[in-house]
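Engineer: Sharing a model prediction with you, sequence too.
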Amino acid sequence: MDNYNDHKKILLAVDCIIFGFDNQNLKILLIKRNFEPEKGRWSLMGGFLHTDENLDDAAIRVLNQLTGLHNIYMEQLRTYSAIDRDPVERTVSVAYYALINITEHTAEINENYSAKWFNIDEAPDLIFDHKLMVANAMLRLRRRALSKPIGFELLPKKFTMKQLQTLYEAILGETLDKRNFINKINALDILLKTEEKDMNSSRKGSYFYTFDEEKYKFKVSDGFTFRL
């Protein structure tokens, strides 16, 4: 026990980078900090690890407090342990990033935290090392979007091919050739074309698609690899 008592305790926190998509722009959900230090400034949603939970449980709790949602796509990003990252107490933070469908779940955002969606390229300055966390999360999101179908987490259940391309352009930060993109998506064979159309996009309208998760899982079990 003496070996434990000889060491100063260090706080362990989780911080969550929450991404959304409004059919045009990739967005990030931020809160206005309501306590010192840095009171009144914009921040990621975070909290300290409780003694009766693991890191994933803590991140799920923090996300639920802000969004009221369960079963959100979430992935551990990395650990941040700079000695001076928190001016009050030595704190190590484990960052997670999460993906939320804005069109279906914005109503659940907890107003108690003064939360607001910002376009990712228009986000305000953040406290501590949160800007670095967001930059790292963007790099991870871009890699994942090219190797896993996580982008569908940001879309409505039914979406047009144009919405899907706009999403990938927002994530990757570049304009994609329409024909090449559609060919790549069709080659994956993981979408279902519905009989419904979005009549707001053009006079003829654009067909809605859905992501066939069961077919994707079957194809993966058969050796399929998602690549865009």
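Structural biologist: Perfect, thanks for sending it.

Engineer: For the top helix by length along the chain, buried residues please.
Structural biologist: When the chain is parsed with DSSP state H, its longest helix is helix 130-147. Neighbour counts over helix 130-147 (16 or more other Cβ atoms under 10 Å) mark 130, 133, 134, 136, 137, 138, 140, 141, 144, 145 as buried. (Glycine included, C-beta is placed from N, CA and C.)

Engineer: now do stretch 44-62
Structural biologist: Under 16+ other Cβ under 10 Å, the buried positions of stretch 44-62 are 44, 45, 46, 49, 58, 59, 60, 62.

Engineer: Is it correct that the second one is in contact with residue 113?
Structural biologist: Yes. Contact between residue 45 and residue 113 holds when scored by Cβ atoms under 8 Å: they sit 7.0 Å apart.

Engineer: Common neighbours of these two, please.
Structural biologist: Listed as contacting both residue 45 and residue 113 by Cβ atoms under 8 Å, 6 or more residues apart in numbering are 31, 65, 66.

Engineer: Write the PyMOL selection for whichever of the residues you listed are buried.
Structural biologist: Here is the PyMOL selection string for the buried members of these, based on 16+ other Cβ under 10 Å:
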select buried, resi 31+66
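
Engineer: Just to be sure, which of the shared contacts of residue 45 and residue 113 are found in strands?
Structural biologist: Within the shared contacts of residue 45 and residue 113, residues falling in strands by DSSP state E are residue 31.

Engineer: Which of the shared contacts of residue 45 and residue 113 scores worst on pLDDT?
Structural biologist: Within the shared contacts of residue 45 and residue 113, pLDDT reaches its minimum at residue 66, with 87.

Engineer: What separation do you get for it and residue 49?
Structural biologist: 17 Å (Cβ to Cβ, to the nearest Å).

Engineer: again, but for residue 207
Structural biologist: From residue 207 to residue 49 the distance is 46 Å (Cβ to Cβ).

Engineer: rewinding a little: farthest pair in the buried residues of helix 130-147?
Structural biologist: 130 and 145 (21.9 Å; Cβ to Cβ).

Engineer: lowest confidence element among the helices and strands of this structure?
Structural biologist: helix 2-5 (a mean of 73; mean pLDDT, DSSP states H and E).

Engineer: Can you give the distance of whatever helix or strand comes next after it from its chain's centre?
Structural biologist: Downstream of helix 2-5, the first helix or strand assigned by DSSP states H and E is strand 11-21. Centre-to-centre, strand 11-21 and its host chain are 9 Å apart (Cα atoms, centre = their mean, to the nearest Å).

Engineer: Same question for stretch 69-84.
Structural biologist: 10 Å.

Engineer: Can you name the residues that contact the residue nearest to residue 33 when sequence neighbours are not counted?
Structural biologist: Nearest non-adjacent residue to residue 33, counting by Cβ to Cβ, 6 or more residues apart in numbering: residue 43, 4.5 Å away. Taking Cβ under 8 Å, 6+ apart, we find residue 43 in contact with 30, 31, 32, 33, 126, 127, 128, 130.
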